[in-house]
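S.K.: Predicted structure and sequence below. I'll ask about it afterward.
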Amino acid sequence: MGCFFSKRRKAAKGGAAGQEPPAADEGKPPPPQYSWDQRAKVDPKDYTFSGLKDETVGRLPGKVAGQQFVIQDCENCNIYIFDHSATITIDDCTSCQIFLGPVKGSVFFRDCKDCKCVVACQQFRTRDCRKLEVFLCCATQPIIESSTGIKFGCFQYYYPELALQFKDAGLSIFNNTWSNIHDFTPVSGENNWSLLPEDAIVQDYVPLPTSEELNVIRISTDTVKSIIPITRGGRQKSSEESCLAVFFAGDYTTANARKLIDEMTGKGFLLVQTKEVSMKAEDAQRVFQQSASDFIPLLEKGPVVALEFNGDGAVEGCQSIINDVFSGTKVFVSENKEAASRDVDSFYNFADMQMGM
């Protein structure tokens, strides 16, 4: 005997006979949404300039927003990235003028020639390049490799969004080793790099954009307005007398440092170098010596900003301005000419070790 199967559908549990059963996933919560599922899709073409000739192109603030960018195979172009980015590579470009806003990681020029650039980055490197002229802000030691005719100057540029872009890229305006170049492939008897003239004007190298899209950016290349303090770097000092001034972390550290720079340079003293770095108590003991106990409690608030000025009478001039303008602020300043030389060497040797240079 066989089994009998009724053709009539069994009633769903709790329902009438002949009704469709509920779908398997009916009543279940929707699958979870993750943040990476909701991100806008990135189109690499929006972050690439490739194969351009005789064009002016760029990206406005907010259009790159920390993404990687690629510039390649461009000739006789004006290229402007008015935003912060993760990394930028520039390959096989000839006779281009390039502005790169703050780059959190590396800027790498490869197989480029006859280009003029303004660049701010954490790491700067060239390979197989010829005749580049670069106004640079670089937090670490710039490196050239298999490159010749590379000239460097100090970054000098301003537009309203630039200060925040430096913060978004994690770069300090006081950490700029633009002239401390390491040549990875030196040639005996030759110098593959040099410094641009001290009075070099950025606009003579990288002109301001004239396209309708880009000229809405309110740019100034006036050295007084530059986001990055203009330093002498590796150029020969004009005097045997230098002075070290150190500001400690607080609400107005950057503004105070900028104010002292303006006051000192206004009196004819030269700003040699600047540095922003964290210190521990033992570091302060070595650098500030007898004065260390006055400053150690301030180190917990954050990094210090150090400035080296140069010129006859720099110590006395700096002390006078500190007393007149910053009387309510605790600032380390060299005691005298003899101590100043040791102060500068001690602090910057410590800072270079701290930053792995």
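M.R.: Yes, it's here.

S.K.: Okay, now the unreliable bits of the stretch 1-150 of the chain?
M.R.: 1-28, 33-40 (pLDDT under 70).

S.K.: go with 90
M.R.: 1-45 (pLDDT under 90).

S.K.: got the CA coordinates for the top helix by length along the chain in CSV?
M.R.: When the chain is parsed with DSSP state H, its longest helix is helix 337-354. C-alpha atoms of helix 337-354 as CSV (Å, rounded to 0.1, in the frame of the first residue of the first chain):
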residue,chain,number,x,y,z
LYS,A,337,75.5,85.6,24.0
GLU,A,338,77.7,82.8,25.4
ALA,A,339,74.9,80.8,26.8
ALA,A,340,72.8,81.3,23.7
SER,A,341,75.2,79.3,21.5
ARG,A,342,74.9,76.3,23.8
ASP,A,343,71.1,76.8,24.2
VAL,A,344,70.6,76.6,20.4
ASP,A,345,72.9,73.6,20.0
SER,A,346,71.3,71.7,22.9
PHE,A,347,67.7,72.3,21.9
TYR,A,348,68.1,71.5,18.2
ASN,A,349,70.3,68.5,18.7
PHE,A,350,67.6,67.2,21.1
ALA,A,351,64.8,68.1,18.6
ASP,A,352,66.5,66.4,15.7
MET,A,353,67.0,63.2,17.7
GLN,A,354,63.4,63.3,18.8
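
S.K.: quick thing: my sequence starts at 497, can you match it?
M.R.: Shifting the count to begin at 497 puts that one at helix 833-850.

S.K.: what are the ranges of the helices in the stretch 547-696 of the chain?
M.R.: For the stretch 547-696 of the chain, the helices defined by DSSP state H, counting those that start in this stretch cover 658-664.

S.K.: the strands in it, which residues?
M.R.: For the stretch 547-696 of the chain, the strands defined by DSSP state E, counting those that start in this stretch cover 552-555, 565-568, 574-577, 584-587, 593-606, 609-623, 626-634, 639-641, 646-650, 678-679, 689-691.

S.K.: Direction included, what does the shortest one pair up with?
M.R.: Listed by DSSP bridges, the sheet partners of strand 678-679 and their directions read strand 639-641 (parallel).

S.K.: ok, back up a step: of all the strands of the stretch 547-696 of the chain, which one comes closest to residue 795?
M.R.: strand 609-623 (24.2 Å; Cβ to Cβ). C-beta: built from backbone N, CA, C; applies to glycine.

S.K.: Give me the distance between that closest one and the centre of its chain.
M.R.: The chain centroid and the centroid of strand 609-623 are separated by 12 Å under Cα atoms, centre = their mean, to the nearest Å.

S.K.: Check which helices and strands it sits against.
M.R.: strand 593-606, strand 626-634, strand 639-641, helix 698-701 (3 or more Cβ pairs under 8 Å, 6 or more residues apart in numbering; DSSP states H and E).

S.K.: please redo it, this time with the cut-off set to 6 Å
M.R.: strand 593-606, strand 626-634, strand 639-641 (3 or more Cβ pairs under 6 Å, 6 or more residues apart in numbering; DSSP states H and E).

S.K.: buried sites along it?
M.R.: 609-623 (16 or more other Cβ atoms under 10 Å).

S.K.: now swap in stretch 539-546 and tell me
M.R.: Buried residues in stretch 539-546 (16+ other Cβ under 10 Å): 543, 545.

S.K.: Tell me the span between the first and last residue of that stretch.
M.R.: Stretch 539-546 has an end-to-end distance of 14 Å (Cα to Cα, to the nearest Å).

S.K.: residues in contact with it?
M.R.: Residues from elsewhere that reach stretch 539-546 (Cβ atoms under 6 Å, 6 or more residues apart in numbering): 553, 563, 565, 566, 567, 568, 569.

S.K.: buried subset of those?
M.R.: The neighbour-count test (16+ other Cβ under 10 Å) marks 553, 563, 565, 567, 568 as buried among the contacts of stretch 539-546.

S.K.: Distance-wise, check the nearest residue in space to the second one that is not next to it in sequence relative to residue 578.
M.R.: Leaving aside its chain neighbours, residue 563 sits nearest to residue 543 (5.1 Å; criterion: Cβ to Cβ, 6 or more residues apart in numbering). Summarising the geometry, the distance separating residue 543 from residue 578, computed by Cβ to Cβ, to the nearest Å, is 14 Å.
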